[in-house]
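Enquirer: sequence and predicted structure, then a few things I'm wondering about:
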Amino acid sequence: MAQNISAAPEQNIPFWRDERVLGVFAQIGFIIVVILGAKLLGTNFASNVNKLGESQFICRDGSFSYRCAYDFMGSEAGFDISDTALDYVNTDSYWYAFYMGLLNSLKVGLLGVILTTFVGLFVGIARLSSNWLVSKIALWYIELMRNTPLLLQLFFIYFGVLLALPLIQDASPVLGLPIFLTNRGLSIPAPKFMSAAAIWVAFLILGIIQFQVTWILLARQEEQTGRATNRWARGLIGFFIIVIAGWFISSSVSDTQGLLTSKASRIRDVGDIEKVMLNRTNLDYLDEIDTLSPEEVDAAALKICVLRDSASEPNLIRQIERIGAPYTVRRFDRPDQVTAAYVEGDCELFAASKAILAAERATLENPSAHLIVPVKESPIVWSVPRYDGTNIFGGSKLLPEFTALLIGLTIFYGATLAEIVRAGILSVSKGQSEAARALGLSESQRLRLVVLPQALKVIIPPLIGIFLSLMKDTSLGLAVGYPDMYQVTFTTMNQSGRAVQGILLLMVVYLTISLIFSIVLNWYNSRNVLVER
Amino acid sequence: MTMNVNANEDVIVCKDVHLWYGEFEALRGVSLTVKRGDVIVILGPSGSGKSTFIRSINRLEEHGAGEIVVKGIPLTHDVRDIAEIRREVGMVFQQFNLFPHLTVMENITLAPINVRKWSREKAEETAMKWLTRVGIPEQAHKYPGQLSGGQQQRVAIARTLAMEPEVLLFDEPTSALDPEMVKEVLDVMSDLAKEGYTILAVTHEMGFARGVADRIVFMDYGEILESDHPDEFFDNPKHPRLKLFLSQILHH
């Protein structure tokens, strides 16, 4: 059926009033502005780089090229980093030092994001509480934190609170627990991961997959037969069987831990320690060790040497304590120090990873007189902090710099987030709460099931901004001396004189982190959009 | 119907209920007794306190003086009693108040699963029963935003019924609906009335009031001015303000 559609009346519009022409002009104008701006910045940048001179761009073969701008990052860093996630020594490269800084930034940033979420949610809800005191405390907290500079708060927390804690000489367990709080930081018991952990985690994932599959299959079966099948119990039993089996398998497969000992010690295996100790003490059983005098026990004690805070120590000690042998432990900062003590005869056993031990054995006068004995390893060992009168070792240590930065970022951004949470909750109409109450939902169910899911729509877009700001503000670690990415790069730039490279690198990495954050959160946000007609 | 076994039992007893918003007294001594299976329509000009009154029965508003007893449970500050009363009293709102982030099915099963602690299977089965009952089983997996107003209100009714309440409060359930959708909601309400639910409805639907109600209550200025059988109420009004009200709504 042909219909006669008459075209819209086309008058003679002068082009400066034609919206189509105007649109094109606006686009062209904008492009010109962008190009001019980029050219201005670009030529400025290029001329400044040229002024820096060729020495900035030396390649390894001695020639000069812009492509070699970052070659200096491969050379020795030469500076110490007070807090690193992985092993680092000042002979490592600038790249590796930068990587340590990046890990520190991510550690503070991600922990900060998690804690900020909790604080913001809690305070935001408290602010709306009908309890006068709770809501006023929340109000004061928010106003105080939002209206003072973050830098000032960091200084206050670091110098005013954390450095005012007891000196290390006065360290004592907090509440009788193996926790120490001094001006050098907070030491708490913590799990340490060994190489076997990687294999065990694979079993853990396998267990979770198993649980999911069992759950889905049983759910289908339930649907067909209409009978309950105990999905929880059956899924969990399978999960624990896999995880526990994985624990033993991964510890028997892993073969990275060892002991360095002389052939004369006659220890060929950790199990031999019992025989050696029985010989030494003239006892029939090690249970009878109590019958000896303290001096005799001290004289017989096994002299163990380890690297400070290594996971090898708790791993070996657990096995020796199971045997019941008396022992002493000495801790050193570097492998060569342990080797020196070993040569002096201060150490009978040097416990570390086999790789370190092999390297150290090679430096001994007569390597063939010494053995590397394998030690069984657990995927995860529990390390408890101890105090020896001058130092605290073991466990996990939160340095005051790290703690100050984490607490500062958390309470500052927590206050900002609290206001966003409040706005989000208020954006949900009163009728929603009334319907939830009328249906008999409790107050916490009302919040959790009805109000918060809807408030999230309003909360998430500004939340992305808060998380990004927090992530970037980890660079304020410079103020309290926390070795984050910014501080490490700052030191690198000072030492090498490569300011342009350093700043560019920082910009690229911060940008990458921010973009990843945005993508993930925007994806989550898009899933939360309400379906409308 | 099992609900009629104890007919004549007092389900809701209100004695001299007062309610203040700051200085303003919204309810000025309301007394009303509702027996099991009663269908009561509350009429009155806007601002007369009729919505406030039924909302105080399930504690969406807190009465300042007087006594409200639902199924023998006195309404006080005791949160356990309030929870108990809310389980027995369902409410349907003018603005539907469906949860827009949940599907129709999830809207209906939310309270049975979380309050009554039913299994998901049982809750969904019951939800389908009620959806069929209000005539829209095919909408179960849509979101409220995808339904028409009339359908949304019927979902809201199904959601309320799924908690198996004995008393239903309707707060102007058809006022936000387009005219052609009013009937589908009133039909459902009439059926529920016939099945023996105890109903208190605030509505302006005179046809429903006359045809379905056992008793009509007229409120103004926070007081009950007249309470009577529908025929008597409409044909022989006694209070001058009721006469005025009826003349305003019936003759134009």
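Expert: Thanks, I have it.
Enquirer: for B:D228, which residues are in contact?
Expert: B:R215, B:I216 (Cβ atoms under 8 Å, 6 or more residues apart in numbering or on different chains). Where you see a C-beta, it was placed from the backbone N, CA and C, and this is true even at glycine.
Enquirer: 10 Å - rerun?
Expert: Contacts for B:D228 (Cβ atoms under 10 Å, 6 or more residues apart in numbering or on different chains) come out as B:R215, B:I216, B:V217, B:F218, B:F234, B:D235, B:N236, B:P237, B:K238, B:L242.
Enquirer: next: B:T109.
Expert: With Cβ under 10 Å, 6+ apart, B:T109 has these contacts: B:102-103, B:118, B:120, B:122-128, B:159, B:162.
Enquirer: and if you look at B:E205?
Expert: Counted by Cβ under 10 Å, 6+ apart, B:E205 has contacts B:41, B:43, B:172-175, B:182-183, B:185-186, B:189, B:211-212.
Enquirer: any idea of the mean pLDDT for the helix or strand harbouring A:G207?
Expert: Counting by DSSP states H and E, the element that carries A:G207 is helix A:196-225. Per-residue pLDDT over helix A:196-225 has a mean of 86.
Enquirer: any chance you could map the strands in the stretch 51-200 of chain B?
Expert: B:65-70, B:73-74, B:89-92, B:167-171, B:198-202 (DSSP state E, counting those that start in this stretch).
Enquirer: so which other helices or strands are in contact with the longest one?
Expert: Yep, that's strand B:65-70 we're talking about. Counting contacts by 3 or more Cβ pairs under 10 Å, 6 or more residues apart in numbering or on different chains; DSSP states H and E, strand B:65-70 packs against strand B:10-21, strand B:24-35, helix B:50-57, helix B:79-88.
Enquirer: distance of the residue most central in space within chain B relative to chain A?
Expert: Ranked by distance to the mean C-alpha position of chain B (Cα atoms, centre = their mean), the top residue is B:L169 at 1.6 Å. Between B:L169 and chain A the computed distance is 8 Å (Cβ to the nearest Cβ, to the nearest Å).
Enquirer: dump the residue contacts of that residue.
Expert: A:438, B:12, B:51, B:53-55, B:57-58, B:60, B:89-93, B:160, B:198-202 are the contacts of B:L169 under Cβ under 10 Å, 6+ apart.
Enquirer: go with 6 Å
Expert: By Cβ atoms under 6 Å, 6 or more residues apart in numbering or on different chains, the residues touching B:L169 are B:I54, B:M91, B:L200.
Enquirer: for A:I317, grab the count of nearby residues.
Expert: 18 (other Cβ atoms under 10 Å in any protein chain shown).
Enquirer: just the element for it, please.
Expert: helix A:312-323.
Enquirer: if we can go back for a sec, can you lay out the helices and strands packed on strand B:65-70 as CSV showing mean pLDDT and mean neighbour count?
Expert: CSV is the format used below for the helices and strands packed on strand B:65-70 (pLDDT from 0 to 100; neighbours: other Cβ atoms under 10 Å in any protein chain shown):
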stretch, mean pLDDT, mean neighbour count
strand B:10-21, 94, 18
strand B:24-35, 93, 18
helix B:50-57, 94, 24
helix B:79-88, 91, 16
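Enquirer: A:N279 is nearest to which of the ones you listed?
Expert: Of all the helices and strands packed on strand B:65-70, helix B:79-88 sits nearest to A:N279, with 72.0 Å by Cβ to Cβ.
Enquirer: what angle do strand B:10-21 and the closest one make with each other?
Expert: Orientation of helix B:79-88 against strand B:10-21 (axes from the mean of the first three to the mean of the last three Cα atoms, to 10 degrees) gives an angle of 120 degrees.
Enquirer: tell me which residues are up against helix B:79-88.
Expert: Against helix B:79-88 from outside (Cβ under 6 Å, 6+ apart): A:G440, B:N58, B:R59, B:V70, B:K71, B:I73, B:P165, B:E166.
Enquirer: next one, pLDDT for A:I58 please.
Expert: pLDDT recorded at A:I58 is 77.
Enquirer: separation between it and chain B?
Expert: 60 Å.
Enquirer: leaving out the residues flanking it, which one is nearest to B:L102?
Expert: Spatial nearest neighbour of B:L102, excluding adjacent residues (Cβ to Cβ, 6 or more residues apart in numbering or on different chains): B:L110 at 6.6 Å.
Enquirer: neighbours around that neighbour, how many?
Expert: B:L110 has 24 neighbours, counted by other Cβ under 10 Å.
Enquirer: which one of the contacts of helix B:79-88 sits closest to A:D309?
Expert: A:G440 (54.6 Å).
Enquirer: got the contact list for that closest one?
Expert: B:R86, B:R87, B:A111, B:V115.
Enquirer: list the contacts for the third one?
Expert: Yep, that's B:A111 we're talking about. Taking Cβ under 6 Å, 6+ apart as the test, what B:A111 contacts is A:L439, A:G440, B:M163.
Enquirer: nearest to A:V381 among those?
Expert: A:G440 (49.7 Å).
Enquirer: and the closest one, that one's in a helix?
Expert: No. A:G440 is assigned coil when assessed by DSSP: H, G, I helix; E, B strand; the rest coil, not a helix.
Enquirer: what's the helix or strand for the residue nearest in space to the middle of chain A?
Expert: Central residue of chain A (Cα atoms, centre = their mean): A:K107, 3.6 Å from the mean position. Secondary structure assignment for A:K107, by DSSP H and E: helix A:94-127.
Enquirer: ok, and for the next helix or strand after that helix, which residues are buried?
Expert: Using DSSP H and E, the helix or strand that follows helix A:94-127 in sequence is helix A:132-146. Going by neighbour count (16 or more other Cβ atoms under 10 Å in any protein chain shown), the buried part of helix A:132-146 is A:A138, A:Y141, A:I142, A:M145.
Enquirer: with stretch A:344-356 instead?
Expert: A:C347, A:E348, A:L349, A:F350, A:A351, A:A352, A:S353, A:K354, A:I356.
Enquirer: in strands only, show me those.
Expert: If you go by DSSP state E, the buried residues of stretch A:344-356 have A:L349, A:F350, A:A351, A:A352, A:S353 in strands.
Enquirer: please tabulate the residues you listed in JSON lines, including the columns distance to A:V174 and pLDDT.
Expert: Listed next are these as JSON lines, based on distance: Cβ to Cβ, whole Å; pLDDT from 0 to 100:
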{"residue": "A:L349", "distance to A:V174": "33", "pLDDT": "84"}
{"residue": "A:F350", "distance to A:V174": "33", "pLDDT": "87"}
{"residue": "A:A351", "distance to A:V174": "29", "pLDDT": "85"}
{"residue": "A:A352", "distance to A:V174": "31", "pLDDT": "85"}
{"residue": "A:S353", "distance to A:V174": "32", "pLDDT": "82"}
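Enquirer: what residue in the stretch 1-150 of chain A comes nearest to chain B?
Expert: Of all residues in the stretch 1-150 of chain A, A:S130 sits closest to chain B, at 11.7 Å by Cβ to the nearest Cβ.
Enquirer: just give the number of residues close to that residue.
Expert: Residues near A:S130, counting by other Cβ under 10 Å: 6.
Enquirer: can you tell me how far it sits from A:R146?
Expert: Here A:S130 is placed at a distance of 23 Å from A:R146 (Cβ to Cβ, to the nearest Å).
Enquirer: just the pLDDT for the residue nearest to the centre of chain A.
Expert: On pLDDT, A:K107 comes in at 91.
Enquirer: quick one, phi/psi of the nearest residue to it once chain neighbours are set aside?
Expert: Of all residues not flanking A:K107 in the chain, A:A85 sits nearest, at 6.5 Å (Cβ to Cβ, 6+ apart). For A:A85, the backbone dihedrals (degrees, to the nearest 10) come out as phi -80, psi -40.
Enquirer: I figured A:A85 hits A:L103, correct?
Expert: Yes. The pair A:A85 / A:L103 is scored as a contact, 4.3 Å apart, by Cβ atoms under 6 Å.
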